[in-house]
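Asks: quick check, what structure comes out for this input:
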Amino acid sequence: MTPNTEPSYQDLQKLVNELQLERKLKRSEERFNLLLKASEDMITIHKPDGEYLYYNGPTCYAITHKDVVGKMPKDLFDDEVSDQLLKAFEKVEKTGQSETLEVLLDWLGEKRWFSEYIYAIKNTKGEVVELVKVCRDIHKRKIAEQEIEKKNKKLNELNNTLNQAQELAGVGSWVFNPSSLQSEWSKEMFRIWGFNYDHGTPSLDLINTRVHPDDLALFNSSLEKAILTGLAFDIEFRIRVPEVGEKVIRSISKPILGIHGEVISLTGATQDITSQKEFEKAQIKHQRLKAIGEMSSSISHDFNNSLQQMMGNLEIIKKQTNLSSTTLERLNSIESIIDYVAERVNVLQQFGDAKHDHKMTKLINLNTMIEESLIESRPLWKDGMEKEGLSITITKDLEEVPEILCNRGELKSAIYNLIKNSIEAMPKGGAITIKTRLKPNGLFATFTDTGIGMDEETKQKVFTPFFSTKGFQLGRGLGMSGVYNTIKKYGGDITVKSSELGEGTTFEMVFPIAKSEVSKVSKVSKEIEPKNKEPLDVLWVDDDKMITENVLDLLAFTNHRGHVVNSVKEAMAYLDENECDIVFTDIGMPETNGWELASAVRKKFGNKIKIVLVSGWSVQEKDKEAYGVDFTLQKPFSLSSLESLFLNV
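Replies: Reported below is the predicted structural model:
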């Protein structure tokens, strides 16, 4: 408009519009400022270098506009927080991208967490001219997150401890959801079943592929009953794990019921009990051996008494003067047979028995025993086979080896049984190779045949008493168990080194190397020069009347006076009334045994009376000393061994 010129309507309207727009902008700014002040967030505007240009001033932060505007972050915060903010401002200015960070501020006397959200304000040229920062108090959230983090850490520690405990115990835990057929497993469950933990819990179908086919029905029926009826289960079944083999596991489950009694999930534990089952088998085997040992000891005791009666009667018959040389020869043959039977009974007596361990040991050359056993078994592998048009070749590879401490008869019997076992494994002929080697950890001997071999079950049971693959007509299943027992008794070991069906078998036995000094034990415990051939007064105590009657007849062929009784009570009564030089007593008698009689005689009569223990057992020196026994007489005994003992009294 020119001076003194009235404004036009258009000019007035434009002015009005501008004034109205200005008022609207002012009202909008006032509302915006009011809104910013009402916000719990601290909103500030900064120059790119960080200087504060604006602050909305929420009352909860207890600072005013003038406390902030015109200042730098370092004027309000410590160096660490100030550096964090300035670096964030610099990054936003350079990149134009927003930035978020969390800072721990010392605010109103306490440390509190705040989140800082920073974004850029650009001009029309895209240049950053100002920075807006929104600050929010996140202290409660941060503390809650830290608590959750601590709890999660503790939970992870507990979970790791639980996993370690489950691994040590071989027990895994699981939860099964019937509606989804999905499971949740602990780490130990994956190890037990042989699944990869990183691949997640396997499906029920995949699990079924690892259950032993013979146990699959039990596994699935137990699971089905638990789901349908809520019936808990405790079952044992086998699984097959690739590259590991067969395992035995125990699974226990408890259904979790909903408000209407329906099964909503199954929770349970699974334990690898493979080692436990193997231990139980070993214990059963041990108990079986122990029971058989006790039974064989009882039987052998009766056999020894019977053999003693046979030997006594044979000795009496041999004293007859009208016997022909042929008859005497036959009687001597019978005596040899009795001696042999007595040796075999003694082996039976030792079977599985530790208390009466046989002490008649000496240094023996293993190679010599093998040579002798091959000669004795020749009818089996040579004569008998050739008669059938078959052949077995024997190859010996015997190195020079040191002697071992063992019982000659028992060792030869063990070697003979090993050779016999190899021969019976080759019904159509074959080859046997026997090797001996000296190694740092013992003396080794291997017996290899090219026979039918053994399956896994036979390998596991080959040393078990009464186990035989030959049927009752050909074997009683005691040969290899006897071998095992003999070798174990003398500190050795025997194993099936290898065996495959149709490929043959190798048994390996190892013995400890004997020390050079060996104490030799004789049947008569005290061998001294004869000192008294005068008649002795003898008391013989045995509960078996047939034996005592026989003893009286035997004593008649000596120049000694004998009296017999059948109980300890009778013996003590006799000794109270009669003179006696020597008492012979059996060990096993009812009510009071021979050990107790020996102790009572020694206590009452001192060394005036000599005591002889008559037994089928080999008596240990420490037991003799403990009960005051002077001599031992092994059943069955001959007249000559009895007379020899009298010479030493």
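
Asks: domains in this protein, by residue range?
Replies: Under automatic domain parsing, the residue ranges defining each domain of the chain are 15-137, 170-272, 362-511, 537-647.

Asks: could I get those domains as CSV with distance to L323, mean pLDDT and mean neighbour count?
Replies: Bear in mind the C-beta positions are built from the backbone N, C-alpha and C, glycine included. Formatted as CSV, the domains of the chain follow (distance: least, C-beta to C-beta, whole Å; pLDDT from 0 to 100; neighbours: other C-beta atoms under 10 Å):
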stretch, distance to L323, mean pLDDT, mean neighbour count
domain 15-137, 118, 85, 14
domain 170-272, 68, 91, 15
domain 362-511, 30, 84, 17
domain 537-647, 15, 88, 18
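
Asks: these: which one's closest to K281?
Replies: Set against K281 and scored by C-beta to C-beta, those come closest in domain 362-511, at 8.3 Å.

Asks: returning to that earlier point: for K150, find the nearest of the domains of the chain.
Replies: Of the domains of the chain, nearest to K150 by C-beta to C-beta is domain 15-137, at 15.5 Å.

Asks: buried sites along the helix or strand hosting K151?
Replies: Using DSSP states H and E, K151 falls within helix 139-169. Using 16 or more other C-beta atoms under 10 Å as the test for burial, helix 139-169 gives H139, K142, N163, Q166.

Asks: what angle sits between the next helix or strand after that helix and helix 139-169?
Replies: Note on helix 139-169: by DSSP H and E, the next helix or strand toward the C-terminus is strand 171-177. Comparing the axes of strand 171-177 and helix 139-169 via axes from the mean of the first three to the mean of the last three C-alpha atoms, to 10 degrees yields an angle of 120 degrees.

Asks: which other helices and strands does strand 171-177 contact?
Replies: Strand 171-177 is packed against strand 182-185, helix 187-193, strand 263-272, with contacts defined by 3 or more C-beta pairs under 8 Å, 6 or more residues apart in numbering; DSSP states H and E.

Asks: quick one: end-to-end distance for stretch 580-600.
Replies: Start to finish, the residues bounding stretch 580-600 are 15 Å apart (C-alpha to C-alpha, to the nearest Å).

Asks: roughly how far out does that stretch sit from the chain middle?
Replies: Distance of stretch 580-600 from the chain centroid (C-alpha atoms, centre = their mean, to the nearest Å) equals 46 Å.

Asks: and stretch 136-151, by the same measure?
Replies: Distance of stretch 136-151 from its chain centroid, counting by C-alpha atoms, centre = their mean, is 49 Å.

Asks: for E22, pull up the helix or strand it's in.
Replies: Going by DSSP H and E, E22 is in helix 9-38.

Asks: in its sheet, which strands sit next to the helix or strand just after that helix, and in what direction?
Replies: With elements assigned by DSSP H and E, the helix or strand that comes after helix 9-38 is strand 42-46. As defined by DSSP bridges, the strand partners of strand 42-46 come to strand 52-55 (antiparallel), strand 128-137 (antiparallel).

Asks: who touches strand 42-46?
Replies: When contacts are defined by C-beta atoms under 8 Å, 6 or more residues apart in numbering, strand 42-46 is touched by residues 36, 52-56, 58, 61, 68, 89, 121, 130-136.

Asks: try 7 Å this time
Replies: The contact list for strand 42-46, computed with C-beta atoms under 7 Å, 6 or more residues apart in numbering, reads 36, 52-56, 58, 61, 68, 89, 130-135.

Asks: now swap in stretch 121-138 and tell me
Replies: Residues contacting stretch 121-138 (C-beta under 7 Å, 6+ apart): 41-48, 53, 89, 92-93, 96, 102, 112-120.

Asks: what angle sits between the helix holding K151 and strand 263-272?
Replies: Going by the same axes, to 10 degrees, helix 139-169 makes 50 degrees with strand 263-272.

Asks: which strands or helices does helix 139-169 pack on?
Replies: Other helices and strands packing on helix 139-169, by 3 or more C-beta pairs under 7 Å, 6 or more residues apart in numbering; DSSP states H and E, are strand 110-122, helix 187-193.

Asks: so which of those is nearest A445?
Replies: helix 187-193 (40.6 Å).

Asks: what about the residue positioned nearest the centre of the chain, distance to K187?
Replies: The residue lying closest to the centre of the chain (C-alpha atoms, centre = their mean) is S275, at 4.8 Å. Per C-beta to C-beta, to the nearest Å, S275 is found 19 Å from K187.
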